[in-house]
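[1] could you look at this predicted model? Sequence included:
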Amino acid sequence: KQKIAMTTPVFMSGNESNATMAFVMPVNFTVEKLPKPVDSSVKVRELPAGRFVVMRFSGGRTAEQERKALDQLKQWMNAERMSALAAPVYGYFDPPWTPTFLRRNEVMLRTDESH
């Protein structure tokens, strides 16, 4: 019952049958100060800090675009002898009305702190 300004990016992970959408909260909020969700399916949690390998890509938000970007990122990580510690997370930065060729998207993989 409290409005907060929209922030970017919006993070997506999982698959069609078990998808998660996460939002970055404004800096003036802590987990304790965030409004309590009215819907029980909405959870508030803090993502632990860590090291991520990130690749930017443009285009629409499709499974095909995500797969291509993830494949490229994994190829680069393999060449650098890096491994992923978790499933990919996708970051989307633009509103839906942004032309697809201008959209900024990112694919992120958590990796070992030693790299």
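    In hand now; what should we look at? Residues are numbered from 1 along each chain as shown.
[2] report the secondary structure state of Arg56.
    Following DSSP: H, G, I helix; E, B strand; the rest coil, Arg56 is assigned to strand.
[3] what's the burial count for the residue lying closest to it once chain neighbours are set aside?
    Leaving aside its chain neighbours, Arg56 sits nearest to Glu106 (5.3 Å; criterion: Cβ to Cβ, 6 or more residues apart in numbering). For the C-beta atoms, the positions are set from N, CA and C on the backbone; glycine is no exception. Number of residues near Glu106 (other Cβ atoms under 10 Å) recorded here: 18.
[4] let me see the contact set for Phe29.
    Ile4 (Cβ atoms under 8 Å, 6 or more residues apart in numbering).
[5] helix, strand or coil for it?
    Of the three states, Phe29 takes coil according to three-state DSSP.
[6] do Ala69 as well
    Applying three-state DSSP: Ala69 is helix.
[7] OK, contacts around it?
    Counting by Cβ under 8 Å, 6+ apart, Ala69 touches Met55, Phe57, Asn105, Val107.
[8] from what I see, the second one and Phe101 are in contact.
    Okay, so that is Phe57. No: contact criterion Cβ atoms under 8 Å: Phe57 and Phe101 do not qualify, at 11.4 Å.
[9] those two - which one has more neighbours?
    Phe57 (17 against 8).
[10] so what pairs up with Ala19 in the strands?
    Beta-bridge partners for Ala19, by DSSP bridges, are Gly14.
[11] tell me, how many residues neighbour it?
    9.
[12] can you give me the distance of it to Lys36?
    Here Ala19 is placed at a distance of 23 Å from Lys36 (Cβ to Cβ, to the nearest Å).
[13] in this structure, which spans are helices?
    Using DSSP state H, the helices of the chain run over 63-79.
[14] that older thread, would you convert the contacts of Ala69 into CSV that also reports distance to Val44 and pLDDT?
    Below are the contacts of Ala69 laid out as CSV (distance: Cβ to Cβ, whole Å; pLDDT from 0 to 100):
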residue, distance to Val44, pLDDT
Met55, 28, 96
Phe57, 29, 95
Asn105, 25, 95
Val107, 25, 96
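[15] which two in the residues you listed are spaced the farthest apart?
    The distance between the two most remote of the contacts of Ala69 (Cβ to Cβ) is 9.4 Å, for Met55 and Asn105.
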